[in-house]
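Enquirer: Generate a structure from the sequence data that follows.
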Amino acid sequence: MYEKILEYVELQKKITTEFKRLNANCLDFSYLLDFPKKGKFCLNSEEWSFVKHGSGFRFIRIAPLPRIIIHPHVFPFAYKIVDAWRLLQFWQSQTGDIYDEHVIRAQLETLFLDKMLEKINLNQYQIKN
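Expert: Below you'll find the model as predicted:
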């Protein structure tokens, strides 16, 4: 599972780094007030759409298929942060399989107890390194 988390983190890093670069004049990283509410951008040869909501974003790869979801719904520019909700959406969109959020939470907690992740709060974990 840890390798699958690292795969998610790497993609989250690429997307949020490119998004931040494309919106270089946006400076409100707390409330995201000056970021666009929705739009599209390209990363390499992939087309991504995004929607801002609450204190984060939802990125969806439109092309090529399958539509992959990267959803940094909180701490959107802290790319090393993961939680069960982000991983659930990513894995389900990637494979079409159904995942249990409670099982993912338990696995994240196990990785925390094994000292592979740091716990940020009740729901968020951060990759160590």
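Enquirer: Now do residue 57 against residue 87, distance only.
Expert: Here residue 57 is placed at a distance of 16 Å from residue 87 (Cβ to Cβ, to the nearest Å). Backbone N, C-alpha and C define where each C-beta goes, glycine included.
Enquirer: How about residue 70?
Expert: Distance from residue 70 to residue 87, by Cβ to Cβ: 11 Å.
Enquirer: Which neighbours do those two have in common?
Expert: residue 8 (Cβ atoms under 8 Å, 6 or more residues apart in numbering).
Enquirer: which ones are touching residue 102?
Expert: Neighbouring residues of residue 102 by Cβ under 8 Å, 6+ apart: residue 84.
Enquirer: Make sure it is indeed in a helix.
Expert: Yes. Under DSSP: H, G, I helix; E, B strand; the rest coil, residue 102 falls within a helix.
Enquirer: No more questions from me, cheers.
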